[in-house]
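Engineer: based on what follows, work out the 3D shape:
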Amino acid sequence: MKILLTGGAGFIGSHLLERLIARGDDVAVIDDFNDYYDPAIKRRNLPRSGFRLHEKDIRESADIVVREKPDVLVHLAARAGVRPSQSQPALYESVNVAGTLGLLEACRQSGVNRVVFASSSSVYGNADAVPFREDNPNIAPISFYGATKLMGEHYVRIYSRLYGIQGTCLRFFTAYGPRQRPDMAIHSFTAAIDRDKEIPMFGDGTTERDYTFVSDIVQGLLGAIDRPEPFAIFNLGESRTIQLRSLIDLIGKTLGKTPKIKQMPEQPGDVKRTFASIDEARRRLGYDPKVGVEEGIREFVAWYRKL
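Structural biologist: Numbering: from 1, shown residues only. I've put the predicted structure just below:
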């Protein structure tokens, strides 16, 4: 299969890229190596060969879609992070919304008829009904990042309805594992505990997250690539939650150290809980997450210690 992968040098993208190359797909990558975190980390993420690299902003990549004309556009690239989006909403709208729209329009114009779009559990906001189901009619993001991801889903749906582009949107639930971005909770907590530094814990530690190991996310992505839908939305999570304070204690236990915690006020845009219903992904994508958070933290710490 010929695949155009945006964000292929990122955390999730680089793991997916390795799997696509290993199974023999013809893969091209778009990545601009922006400075949200150290671009050198992203360059190290990439395999040495087996793909074509286009170093370009997705907002300026319509010509690449036309030139590559893939069987599937897998769109992972985005301006990431809930908290930074609260202070830079225009940037997030430009990259995540206008950038996605531009790629979809390029697909329409060049005859690319399949898209897999990386969305986020952030679209649910503080949904009351748990676990979070894809057909919840009352989802309301509470961050600009979540709003941009929900708008991306809407654009995929509209292009599917108007132009027959097959679109699958995948709502990722807090992915973690080797190569995780250094700003994300598990990576930053691990680094702080390992260096005997204080961890800023926002809130009282009772917020809950559904953490999903990167290999399980990739399995869901491959399922979406291989099983096209006219239009569909799927959650990719472990379908299990852990409280923030328990997560910190688990990382400390795995490292063999006692965490030093500094309690901080809750942050605007942070939701109280994420919890995925994965029944539809199991049924229609063959999704079957294998790595529980205890095993996943062990694997992450083992990777971290090799840095």
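Engineer: can you map out the helices along the protein?
Structural biologist: For the chain, the helices defined by DSSP state H occupy 11-22, 39-45, 62-68, 82-87, 89-92, 99-110, 144-163, 185-194, 214-226, 244-255, 279-285, 293-304.
Engineer: can you spell out which helices and strands pack onto the second one?
Structural biologist: The reference is to helix 39-45. In this structure, helix 39-45 packs against helix 11-22, with contacts taken as 3 or more Cβ pairs under 8 Å, 6 or more residues apart in numbering; DSSP states H and E. C-beta here means a position set from N, CA and C on the backbone, and glycine is covered the same way.
Engineer: what angle separates the helix it packs on from helix 185-194?
Structural biologist: Counting by axes from the mean of the first three to the mean of the last three Cα atoms, to 10 degrees, helix 11-22 lies at 110 degrees to helix 185-194.
Engineer: pull the CA atoms of helix 11-22 into CSV?
Structural biologist: Provided in CSV are the C-alpha atoms of helix 11-22 (Å, rounded to 0.1, in the frame of the first residue of the first chain):
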residue,chain,number,x,y,z
PHE,A,11,6.4,9.8,19.0
ILE,A,12,3.5,7.8,17.6
GLY,A,13,4.3,8.5,14.0
SER,A,14,7.8,7.0,14.2
HIS,A,15,6.5,3.8,15.8
LEU,A,16,3.9,3.5,13.0
LEU,A,17,6.5,4.3,10.4
GLU,A,18,8.7,1.4,11.5
ARG,A,19,5.7,-1.0,11.3
LEU,A,20,4.7,0.2,7.9
ILE,A,21,8.2,-0.2,6.5
ALA,A,22,8.6,-3.7,8.1
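Engineer: and that helix, how far out from the chain's middle?
Structural biologist: Centroid displacement of helix 11-22 relative to its chain, using Cα atoms, centre = their mean, to the nearest Å, is 13 Å.
Engineer: go on, stretch 217-228?
Structural biologist: 14 Å.
Engineer: same check on stretch 52-69?
Structural biologist: 20 Å.
Engineer: now do the same end-to-end measure for that stretch.
Structural biologist: 13 Å (Cα to Cα, to the nearest Å).
Engineer: tell me which residues are up against it.
Structural biologist: 2, 4, 6, 8, 27-34, 46, 73, 75, 77, 94-95, 98-100, 102-103, 105-107, 109-112 (Cβ atoms under 8 Å, 6 or more residues apart in numbering).
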